[in-house]
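>>> What follows is a predicted protein model with its sequence.
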Amino acid sequence: MINVIITDSNNSSKELLYSYVNNIEGVENVFCYNDLNSIDCDIKNIDIVIFDVSSKTVLETMVIVDELKNKYKNLNFIATSYEINSELVSKVLKQNVCEFILKPVIPNILAGTIKKITDNKKDLPKKKAKTICVFSNKGGSGKTSTAVNMAYEIASQTNEKVCLLDLSFNFGDIATCLDVEPKHTVLSVTKKLEHSDIDLAYTLCEKYRDTSLYVLSFQDDTGLNTKFVTPDLITKLINSLKNIFDYIVIDTLSVIDEASVSIFSTSDLIVLIGMLNLVSIRNCQKCLELFENMGISQSRVKLVLNRYIENSEIKPDDVKETTGVDIFQKIPNNYLTLIDAINLGHAVSEINPHSNIAKAYQNLAREIVNVDYMNLEDLKQYNHGIFNLLRRMGE
Ligand SMILES: Nc1ncnc2c1ncn2[C@@H]1O[C@H](COP(=O)(O)OP(=O)(O)OP(=O)(O)O)[C@@H](O)[C@H]1O
Ligand SMILES: [Mg+2]
């Protein structure tokens with residue numbers, strides 16, 4: 001969908017341009033004015049401005065073009081003129097913002113120029129955050145601790161913008177762990193997102209100290225308000241954050257429902273947390289089966305063993321044999337170091353960077369950053385029978 005403004009002081013040339021532009025595939029709206037000063041439509045929604053220029057008017061015209069370009073970064077300009085003297089053309093092209101077409105305009109040339117502009121736009125690298133959710137279908141297995149510390153490590157290793165998104169609705173655990181003050185409630189955020197667009201989400205996040213980590217958690221994550229958090233809203237929230245951040249790490253609830261399915265399907269990776277005990281391993285196994293039935297490819301699920309103890313009776317190899325997947329990382333059992341960091345409102349690495357648990361979080365983040373995101377298998381067709389399956393598995 002392309003929206004175009006044509007400005008030309010000559011009526012017949014303006015009408016001719018209008019008929020050409022209107023016939024170009026993908027063009028949605030065309031607005032015509034006599035000159036750049038008299039534009040009065042909403043320029044925010046415009047992609048291309050075609051304007052007329054001559055040697056006499058080139059200086060003042062280019063000042064206006066410059067101003068518009070500075071104000072509306074995505075605006076593209078096509079200058080048209082009957083003159084082809086090199087001085088005029090070089091003034092127009094100098095700012096590197098304009099295409100130039102000699103009049104009388106040939107329809108194919110105009111269409112080709114518009115296509116070139118729109119193709120270039122498509123090629124612009126858009127920020128699409130790599131999104132990692134941390135999940136376990138067993139409460140208390142270490143989702144929040146892993147999400148917080150992994151997000152912190154990704155930010156400090158890459159210096160890229162990382163969003164730690166608290167969708168665990170657990171009375172603000174994440175905010176407590178990092179000692180940030182959430183300013184918004186689930187209700188206010190969801191209301192704002194319903195009525196506005198993309199960039200808003202950024203203003204809702206709290207920057208974590210002097211890092212590139214941002215936290216989005218909520219003031220009153222009680223059951224009372226989570227009923228407003230529909231799967232659609234979750235998808236909208238995550239997708240809007242994806243346009244701004246390089247990474248998103250999501251802390252989740254230990255339930256599989258429509259809301260968590262919407263988190264899985266918008267995530268590149270699911271870090272599945274398990275522990276070396278029979279109950280946890282059996283839960284991981286169920287979870288992996290469920291993911292498979294949902295069409296989530298195994299390459300997108302990374303099994304992390306938390307609270308790992310070397311001489312435990314159950315070995316990582318047993319887990320691999322039972323679940324059929326490799327262990328991605330092991331986080332050692334180190335309650336005292338972790339709880340110290342939590343009580344001080346810091347990531348473990350900030351308090352005790354050489355502890356075994358800090359090193360494990362650092363390694364986990366490194367491995368997560370090194371995943372080949374471009375070649376992850378897509379989510380296959382989402383399986384709508386999943387909730388029946390879930391019920392059967394619970395029986
Ligand atoms: N590697 C670890 N070593 C020692 N203790 C840990 C480790 N990871 C987590 N814990 C402890 O286990 C408890 C639960 O951890 P955490 O809150 O991260 O789990 P959770 O999965 O987010 O829980 P919930 O389901 O309630 O949200 C906490 O007391 C935490 O300090
Ligand atoms: Mg938690």
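Received the coordinates, thanks. Numbering: from 1, shown residues only. Ligands and ions are numbered 1, 2, ... in the order given.
>>> Could you tell me which residues of the stretch 101-250 of the chain lie near ligand 2?
Taking C-beta under 5 Å from the ion as the contact definition, the stretch 101-250 of the chain meets ligand 2 at 143-144, 168, 170, 173. For glycine as for every other residue, the C-beta is placed from the backbone atoms N, C-alpha and C.
>>> Report the next helix or strand after the helix or strand containing Ala155 in sequence order.
Per DSSP states H and E: Ala155 is located in helix 143-158. With elements assigned by DSSP H and E, the helix or strand that comes after helix 143-158 is strand 162-167.
>>> In the helix holding Ala155, which residues are buried?
Residues 143-156 are the ones in helix 143-158 that count as buried (16 or more other C-beta atoms under 10 Å).
>>> Let me know the closest of these to ligand 2.
Ranked by distance to ligand 2 (C-beta to the ion), the buried residues of helix 143-158 are led by Thr144 at 3.3 Å.
>>> how's this structure carved up into domains?
With automatic domain parsing as the criterion, the domains of the chain are listed as 2-123, 130-394.
>>> Pick the most deeply packed of the ones you listed.
Among these, judged by mean count of other C-beta atoms under 10 Å, the one packed with the most neighbours on average is domain 130-394 (a mean of 18).
>>> Can I take it that Phe100 is in a helix?
No - with the criterion set as DSSP: H, G, I helix; E, B strand; the rest coil, the secondary structure at Phe100 is strand rather than a helix.
>>> need the contact list for it.
Phe100 makes contact with 78-81, 89, 92-93, according to C-beta atoms under 8 Å, 6 or more residues apart in numbering.
>>> Filter those down to just the ones in strands.
The strands in this structure, assigned by DSSP state E, contain 78-81 from these.
>>> Relative to ligand 1, which of these is nearest.
Distance from ligand 1 was checked for each of the ones in strands among the contacts of Phe100 by C-beta to the nearest ligand atom. The minimum falls on Ile78, at 54.9 Å.
>>> and the gap between the residue lying closest to Asn23 once chain neighbours are set aside and Glu25?
For Asn23, ignoring the flanking residues on the chain, the nearest one in space by C-beta to C-beta, 6 or more residues apart in numbering is Pro107 at 7.5 Å. Pro107 sits 12 Å away from Glu25, taking C-beta to C-beta, to the nearest Å as the criterion.
>>> So for those two, which residues contact both of them?
Residues touching both Pro107 and Glu25 (C-beta under 8 Å, 6+ apart): none.
>>> show me where the stretch 151-300 of the chain has strands.
Counting by DSSP state E, counting those that start in this stretch, the stretch 151-300 of the chain forms strands over residues 162-167, 206-207, 213-216, 247-252, 269-275, given from the N-terminal end onward.
>>> which helices and strands does the longest one pack with?
With contacts defined as 3 or more C-beta pairs under 8 Å, 6 or more residues apart in numbering; DSSP states H and E, the packing partners of strand 269-275 are strand 130-135, helix 143-158, helix 278-294, strand 301-308.
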